[in-house]
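A.B. asks: Got a predicted model here, sequence first, then my questions.
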Amino acid sequence: MVTPELIANYRKKHADAPLIAYVNTYASVKALADYIVTSSSALQLVNCLDAEKVLFTPDSNLALYIAKNSNKEVISIPPFGHCYVHMAIHPDDINKIRAAYPAVEILAHPETSPEVQDLADFVGSTSQMLRRAKISNSKIIAMATDRDIVHRARKENSEKQIIPVSENVFCLFMKRINLKKILDSLIKKEYVVDVDRSVAEKVRKILFNTFEVLGLGARPWKK
């Protein structure tokens, strides 16, 4: 939902604002960013910056979540960028789960809509939801995210009842990568991903700049 051309237009309008790109954007987009984040590190990164205003691409729901929890102006590029999987979860799904399981604790991903987040008991990234499931005192937990995350949560919390908010929410793009294809890529040298070296170098430097800000280590390259 975002292109280098769109990024260039916003950077002209907001030259003083750092650009933060989600890790799943194209390499050509990440190469134009100042920082690259996951859903679990996005809020932490923004809170580390001195800037009063930041540009964030491409998920507008995650941008709203960051703005709500950072007291900073977060401009989403594009204004209505979204994850189609998380947008398939609706407030009605949350209400139905609450009606069926009054004692449930509902965990929601920050890429769900603000209305869904407001109805949840906890909002966090996939890894944060999994950690929350472990420490929660609730014996019934519903997860508002890709339904297959529930499988891992159940393995890690066998004493709890863990359910998806919706059985119909799963990412077709993520399912395109499986163990057989990984094996074929290693054995048969199939599925080659070719990234321009200059772009890759730019993205690598931006990643390690991000790691530095987050306190995760120094740059491993020579100037």
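C.D. replies: The structure has been received and is ready for your questions.
A.B. asks: which residues does the closest residue to residue 210 other than its chain neighbours form a beta bridge with?
C.D. replies: With sequence-adjacent residues excluded and distances taken as CB to CB, 6 or more residues apart in numbering, residue 210 is closest to residue 35, at 4.5 Å. Yep, even glycine has a C-beta here, placed from its N, CA and C like the rest. With DSSP bridges as the criterion, residue 35 is bridged to residue 20.
A.B. asks: let's have the chain start at 49 instead
C.D. replies: Taking 49 as the first residue, the last one we looked at is residue 83.
A.B. asks: Could you report the distance from residue 83 to residue 202?
C.D. replies: In this structure, residue 83 and residue 202 are 34 Å apart, going by CB to CB, to the nearest Å.
A.B. asks: And residue 191, by the same measure?
C.D. replies: Distance from residue 191 to residue 202, by CB to CB: 10 Å.
A.B. asks: Repeat that for residue 216.
C.D. replies: Residue 216 is 19 Å from residue 202, by CB to CB.
A.B. asks: who's more crowded, those two?
C.D. replies: Under the neighbour definition other CB atoms under 10 Å, residue 216 and residue 202 were set side by side, and residue 202 has more, 15 against 10.
A.B. asks: what kind of secondary structure is the closest residue to the more buried one other than its chain neighbours in?
C.D. replies: Among residues not flanking residue 202 along the chain, residue 210 sits closest, at 5.1 Å (CB to CB, 6+ apart). State at residue 210, reduced to three classes by DSSP: H, G, I helix; E, B strand; the rest coil: strand.
A.B. asks: hmm, who's touching stretch 225-243?
C.D. replies: residue 75 (CB atoms under 8 Å, 6 or more residues apart in numbering).
A.B. asks: contacting residues around the residue nearest to residue 258?
C.D. replies: By CB under 8 Å, 6+ apart, the neighbours of residue 83 are 66-69, 93, 254, 257-258, 261.
A.B. asks: Hmm, residue 153 is touching residue 188, no?
C.D. replies: Yes. Using CB atoms under 8 Å, residue 153 makes contact with residue 188 at a distance of 7.1 Å.
A.B. asks: between the contacts of residue 83, which has the most around it?
C.D. replies: That'd be residue 69 among the contacts of residue 83, by other CB under 10 Å, with 27 neighbours.
A.B. asks: Excluding sequence neighbours, find me the nearest residue to that one.
C.D. replies: residue 81 (3.8 Å).
A.B. asks: confidence score at the residue positioned nearest the centre of the chain?
C.D. replies: By CA atoms, centre = their mean, the mean C-alpha position of the chain lies nearest to residue 87, the distance being 3.1 Å. Here the pLDDT value assigned to residue 87 is 95.
A.B. asks: do residue 267 as well
C.D. replies: 57.
A.B. asks: now residue 123
C.D. replies: 98.
A.B. asks: cool, and residue 223?
C.D. replies: Looking at residue 223, its pLDDT is 88.
A.B. asks: measure it to residue 169 for me?
C.D. replies: Taken as CB to CB, the span from residue 223 to residue 169 is 28 Å.
A.B. asks: neighbour count winner among these two?
C.D. replies: More neighbours surround residue 169 than the other of residue 223 and residue 169, with 15 against 10 (other CB under 10 Å).
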